[in-house]
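>>> Starting from these lines, generate the structure:
(6 chains)
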4 protein chains.
Amino acid sequence: MTTAAGPDHSRRRERSRQVILEATRALVVEQSYDKVTVEAIAARAGVGKQTIYRRWPSKSAVVFAAVLALSEGADGQSVELPDTGDLEADLKQVMRETVAEFADPSFDRLIRAVNTEIANDADLAAEYREKLSRPLDDAKKARLRMAERAGQLPPDTDLDLFLEMLYAPLFQRWLHRSGPLTETYADALVEATLRAFGGR
Amino acid sequence: MTTAAGPDHSRRRERSRQVILEATRALVVEQSYDKVTVEAIAARAGVGKQTIYRRWPSKSAVVFAAVLALSEGADGQSVELPDTGDLEADLKQVMRETVAEFADPSFDRLIRAVNTEIANDADLAAEYREKLSRPLDDAKKARLRMAERAGQLPPDTDLDLFLEMLYAPLFQRWLHRSGPLTETYADALVEATLRAFGGR
Amino acid sequence: MTTAAGPDHSRRRERSRQVILEATRALVVEQSYDKVTVEAIAARAGVGKQTIYRRWPSKSAVVFAAVLALSEGADGQSVELPDTGDLEADLKQVMRETVAEFADPSFDRLIRAVNTEIANDADLAAEYREKLSRPLDDAKKARLRMAERAGQLPPDTDLDLFLEMLYAPLFQRWLHRSGPLTETYADALVEATLRAFGGR
Amino acid sequence: MTTAAGPDHSRRRERSRQVILEATRALVVEQSYDKVTVEAIAARAGVGKQTIYRRWPSKSAVVFAAVLALSEGADGQSVELPDTGDLEADLKQVMRETVAEFADPSFDRLIRAVNTEIANDADLAAEYREKLSRPLDDAKKARLRMAERAGQLPPDTDLDLFLEMLYAPLFQRWLHRSGPLTETYADALVEATLRAFGGR
DNA sequence: TTCTAAACGAGACGGTACGTCCTGTCTTACC
DNA sequence: GGTAAGACAGGACGTACCGTCTCGTTTAGAA
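You can find the predicted model right below:
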């Protein structure tokens, strides 16, 4: 059982991978999105186009990976939500932070780019849910289950629906630019959602 | 020395306009969206490319107009919602119809295309809200105001927020393909939203 | 029997055709031959690559056409050789002119380029013989037949062989750079060939 | 303080050298010539590209070496021409053999490849003359000098010119595919050349 | 027999050019 | 004058090779 081995190019691969993803993010943030081309990424990264195509099958995938890499770098894995015992206060804090994120122009452009790619690519959408949405949702659900145990939410609350009602209005307002994203709005969403599910 | 008069070309314009928009819709529905090119539209419509560029500045605008034309054709202008006196039942009916629309593959692709174009183009997004979202929202708000007057909703309910909580979860679930769109789901959204806003 | 007709774009076509061929010749003359790329030709001509590929299938064909265009421009069609009545003197003049042509660096590079393309492409070689070699050979044969009639050459001389023995040594010496191309050499070829075929 | 010594790897070098040249010849013979790439040679030879570039500076050089290696393998060095005492018969035999060589598809492709490389590379052309043409020419000249001494050729015959007139027509006809290469043709060339130089 | 250094296969890399496709403009002939 | 047709300059696509550059892995002589 000898596993052919062969040379290890992982150092080079990893280095160029980082350069490419960083260049991609820079372009997405700086440029009109349709000027983000594979050729531009390669030029910016000081890399041959083939080095990009060797790893990713399309521009979509590169952009996706570039954004994904951001959250992966975070703290390794687990996201954790505040738990002061006051569910409403904790959720408001989280939602206010989310509002602040969307207000950051760099973040805005990156997430907008990802959503563009996702909209017409079911596979990428699946990966998005798996790698970006799920970890966050899991953390939120964990916090909500704590609240259930503490009697702040009815048992057997539909947590998926709860999260959707809490978060989707914000997402839609942001994507369609259909209204201001303020702390007041964040608070109102928390309050309405808690009312909807009998939380206190 | 004004207006050479001559024949009236507005008929030709209108005819070719319809042909172009129909061809666009056909391509959006049939093809992978990134194969929908101006050239393909022109070929499909049996039209010179210039005839397209004379009317719209970009592919985005054509696609947008193609989808917009669908709802304009409806009954001229005003959309109206059912009003049986039973708010919950009426909303459930509307939401179930919306779920059904999203389940239609043609509708799915068309709306997905529009959302793709909108995500990175603020002007188009504004037009989208103005021409597609607003009329629908206005109709819904009219129905909700009836409910207020009937005492089924508290006065001064934040109707924008009400509509977002009702609709955005459905929209997000559809866009991200993050869950099934069923009648049960439609009903649950109505019930939760009514609870959130003290409706009955 | 209506032959679709449609607009005639031949003026634009002809103009860009000339620009491309001229740019090609310029590059062949100025550059190391393997730097003559379709992209370089397009850039030099101020033309999109597609405008080249619309007309010719490969770089070979463009280069070939560029060289061919030179001799076509000449005087329309017919080449004619001097006929003073003195065969030997006339042939020497012609061969000396040929030697002079090969000494011209521009001509050298152009013909070398064509011979490169021809060597591995039988179709192009056929076109070369047809369009470049044959007209010249026909003119030479016409002059030789005059000589036959004048009794300066035996009747039924194998004119193809005559021309090959006259010309091929010069061609080979040039292609392989295997010796100097001088007027003395030109004269020696004429004299030897005339001896070989009993000319006087 | 000299020559660190160390092991002698010449055996490996020599082995891989042979493998590379053989693979090159195989590709030249089998493939359309522009598919003969360094990468293809390396793959066919089961060798890293660097092993090729360590020895030769370019594809041209490899192809050249591959063809050159064929004639070097022959009988060590000296080529010798038949000498039956009958100059005409001996030359006809040699020319008929040459015609036969050109008729061999493998030989055809190999020599064509070399001539392609040579046409635009003066250095390679010099090496070609030195290593491939000269030995053959020297052998032929030796035979012709025997004929001079035997009174079958005039003294002080220009042997270079003699050889060119004998051989160049054949070469040109082959390179340009401008006529059939037959034994009759070979004989005619010998006869005409002998006439040209007063041979018998 | 072990050590050491070259040559090696593998293949990633930064590049250049390929030949194709589409964009948005321009030109021509037709109606 | 608007139109269908389509040529055009431009530029990105994704692929193929170039020639260079690491990587471990033989390999074979010297120690």
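>>> any idea how far chain B is from the residue nearest the centre of chain A?
Ranked by distance to the mean C-alpha position of chain A (Cα atoms, centre = their mean), the top residue is residue A:132 at 4.5 Å. Residue A:132 sits 10 Å away from chain B, going by Cβ to the nearest Cβ, to the nearest Å. (Glycine included, C-beta is placed from N, CA and C.)
>>> Isn't that residue up against residue A:65?
No. Between residue A:132 and residue A:65 there is no contact under Cβ atoms under 8 Å: 11.5 Å.
>>> For the nearest residue to residue A:157 once chain neighbours are set aside, which residues are in contact?
Spatial nearest neighbour of residue A:157, excluding adjacent residues (Cβ to Cβ, 6 or more residues apart in numbering or on different chains): residue A:197 at 5.4 Å. Residue A:197 makes contacts with A:153, A:154, A:157, A:158, A:162, B:192, B:195, as judged by Cβ atoms under 8 Å, 6 or more residues apart in numbering or on different chains.
>>> Let's see that with 10 Å instead.
A:144, A:153-154, A:157-159, A:161-162, A:165-166, B:192, B:195-196 (Cβ atoms under 10 Å, 6 or more residues apart in numbering or on different chains).
>>> Likewise for residue A:140?
Here residue A:140 is in contact with A:79, A:81, A:91, A:94, A:159, A:162, A:163, A:166, A:167 (criterion: Cβ under 10 Å, 6+ apart).
>>> rerun at 8 Å
Residue A:140 makes contacts with A:81, A:94, A:163, as judged by Cβ under 8 Å, 6+ apart.
>>> Quick one: distance of the helix or strand that contains it to the chain centre.
Residue A:140 belongs to helix A:134-149 when assigned by DSSP states H and E. Remark: helix A:134-149 is offset 17 Å from the chain centroid, using Cα atoms, centre = their mean, to the nearest Å.
>>> buried set for that helix?
Using 16 or more other Cβ atoms under 10 Å in any protein chain shown as the test for burial, helix A:134-149 gives A:135, A:136, A:137, A:140, A:141, A:143, A:144, A:146, A:147, A:148.
>>> ok, for the third one, nearest residue in space, not its chain neighbours?
Sequence neighbours aside, residue A:163 is the residue nearest to residue A:137 in space, at 5.9 Å (criterion: Cβ to Cβ, 6+ apart).
>>> Next: the second one.
In space, residue A:136 comes closest to residue A:79 once its chain neighbours are excluded; the distance is 5.9 Å by Cβ to Cβ, 6+ apart.
>>> picking that back up, mean confidence for the helix holding residue A:140?
Here helix A:134-149 scores 96 as its mean pLDDT.
>>> Make TSV from the buried residues of helix A:134-149 and add distance to residue A:188 to it.
TSV is the format used below for the buried residues of helix A:134-149 (distance: Cβ to Cβ, whole Å):
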residue	distance to residue A:188
A:135	26
A:136	21
A:137	21
A:140	18
A:141	22
A:143	20
A:144	19
A:146	23
A:147	19
A:148	23
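>>> thinking again about what came up before, so which of the contacts of residue A:140 would you say is closest to DNA strand E?
residue A:81 (37.8 Å; Cβ to the nearest atom of the strand).
>>> Need the contacts of residue A:197 in a markdown table (columns: secondary structure).
Below are the contacts of residue A:197 laid out as a markdown table (DSSP: H, G, I helix; E, B strand; the rest coil):
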| residue | secondary structure |
| --- | --- |
| A:144 | helix |
| A:153 | coil |
| A:154 | coil |
| A:157 | coil |
| A:158 | coil |
| A:159 | helix |
| A:161 | helix |
| A:162 | helix |
| A:165 | helix |
| A:166 | helix |
| B:192 | helix |
| B:195 | helix |
| B:196 | helix |
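>>> Can you pull the residues of chain A lying near DNA strand F?
Near DNA strand F, the residues belonging to chain A are A:5-9, A:11-12, A:35, A:37-40, A:48-50, A:53, A:58-59 when assessed by Cβ under 7 Å from any atom of the strand.
>>> Tell me where chain A is predicted with low confidence.
Counting by pLDDT under 70, the ranges of chain A that qualify are A:1-7, A:73-78.
>>> follow-up on the earlier one: and the strand or helix carrying the residue nearest to residue A:137, what does it pack against?
Assigned by DSSP H and E, residue A:163 falls within helix A:159-175. With contacts defined as 3 or more Cβ pairs under 8 Å, 6 or more residues apart in numbering or on different chains; DSSP states H and E, the packing partners of helix A:159-175 are helix A:87-103, helix A:105-119, helix A:134-149, helix A:183-196, helix B:105-119, helix B:159-175, helix B:183-196.
>>> and these, which is most packed in?
A comparison of the helices and strands packed on helix A:159-175 by mean neighbour count, using mean count of other Cβ atoms under 10 Å in any protein chain shown, puts helix B:159-175 on top with a mean of 21.
>>> what does the helix ranked longest in chain A contact?
The helix spanning the most residues in chain A, taking DSSP state H as the definition, is helix A:10-30. Contacts to helix A:10-30, defined as Cβ under 8 Å, 6+ apart, come from residues A:35-36, A:40-42, A:44-47, A:51-52, A:55, A:62-63, A:65-67, A:69-70, A:105-106, A:109-110, A:113.
>>> Which parts of that helix count as buried, going by neighbours?
Using 16+ other Cβ under 10 Å as the test for burial, helix A:10-30 gives A:16, A:17, A:19, A:20, A:21, A:23, A:24, A:25, A:26, A:27, A:28.
>>> contacts with DNA strand E among these, please.
A:16, A:19.
>>> Would you check that the residue nearest to residue A:137 makes contact with residue A:143?
No. Contact criterion Cβ under 8 Å: residue A:163 and residue A:143 do not qualify, at 10.5 Å.
>>> now residue A:42: how far from residue A:57?
15 Å (Cβ to Cβ, to the nearest Å).
>>> ditto for residue A:69
Applying Cβ to Cβ to residue A:69 and residue A:57 gives a distance of 17 Å.
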